[in-house]
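S.K.: everything below, folded, please.
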Amino acid sequence: MSIQKKISSESIKDLRNKTGAGMTDCKKALTASNGNIEVAIENLRKKGLATADKKSSRVATEGLIQSYIHAGSRIGVLLEINCETDFVARQPKFQQLAKDIAMQIAACQSVKYVSKSDIPKTIIEYEKKIELEKDDLISKSDDIKIKIAEGRVEKRLKELSLFDQVFIKEQNITIEELIKQHISLLGENIKIRRFERFLLGEGIESKDNNFANEVSNMIRAK
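M.R.: Okay, the predicted model is just below:
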């Protein structure tokens with residue numbers, strides 16, 4: 001027969017600070033895990049994700065526009081993140097979430113869409129075509145070729161999706177899981193509606209290229 005470990009108030013407070021869950025839920029989770037805080041966090045997260053799924057269909061029209069400028073002012077991000085009420089939009093946890101996600105977008109240069117479901121079918125078909133025509137698949141059978149290509153395309157789609165990125169501040173969860181945690185903690189649906197990343201000089205030809213074109217045009221004029 002196992003001996004139940006006594007749960008201290010310090011452990012409950014520590015778990016509450018790490019998860020944002022209620023005191024009663026924290027005590028229950030620690031009791032169930034016999035004081036193992038990592039197991040308790042995992043159990044609360046699982047419970048929170050289930051709760052978040054129930055709220056995901058609610059309309060979210062409040063929220064905020066969050067900006068992030070990286071050190072050196074060469075990368076910037078604008079993000080619109082929505083919740084259900086202005087009350088939650090003013091909460092420090094929601095505002096910190098917005099800052100963390102904006103910073104994540106700045107760090108993930110390949111991310112272009114909120115989730116895989118937002119990626120246009122034309123992009124998916126293009127990626128499939130590229131993979132199926134790669135040299136290392138030419139000699140393989142059609143079944144094997146398709147299977148390998150699908151795996152590679154899935155990996156590529158995850159690279160394009162913000163939700164599939166590993167949270168840079170907590171490597172054991174994705175951005176989608178981070179959002180769901182906050183839905184559970186704040187009790188409202190949370191949606192990332194849109195974002196835009198700005199890179200200094202993006203889309204502008206370099207001065208050297210412009211100068212080369214000028215010289216070329218002058219030569220032709222003669």
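
S.K.: and stretch 120-138, which residues are buried?
M.R.: Neighbour-count burial for stretch 120-138 flags 124, 127-128, 131-132, 137 (criterion: 16 or more other C-beta atoms under 10 Å). Yep, even glycine has a C-beta here, placed from its N, CA and C like the rest.

S.K.: which residues sit against that stretch?
M.R.: 145-146, 148-150, 152-153, 156-157, 160 (C-beta atoms under 8 Å, 6 or more residues apart in numbering).

S.K.: one more time with 6 Å, if that's ok
M.R.: Applying C-beta atoms under 6 Å, 6 or more residues apart in numbering, the contact partners of stretch 120-138 are 145, 149, 152-153, 156.

S.K.: mind checking how far Lys6 is from Phe195?
M.R.: 47 Å (C-beta to C-beta, to the nearest Å).

S.K.: check Ser139 too.
M.R.: Applying C-beta to C-beta to Ser139 and Phe195 gives a distance of 42 Å.

S.K.: next one: Leu79
M.R.: Here Leu79 is placed at a distance of 4 Å from Phe195 (C-beta to C-beta).

S.K.: and for Asn189?
M.R.: Taken as C-beta to C-beta, the span from Asn189 to Phe195 is 18 Å.

S.K.: neighbour count for the two, which is higher?
M.R.: Under the criterion of other C-beta atoms under 10 Å, the comparison of Asn189 against Phe195 puts Phe195 first, with 22 against 19.

S.K.: strands along this protein, start to end?
M.R.: 62-69, 75-83, 191-199 (DSSP state E).

S.K.: among those, which comes closest to Ile168?
M.R.: Each of these has some distance to Ile168 by C-beta to C-beta; the shortest is strand 62-69, at 12.5 Å.

S.K.: now do that closest one: distance to the chain's middle.
M.R.: 15 Å (C-alpha atoms, centre = their mean, to the nearest Å).
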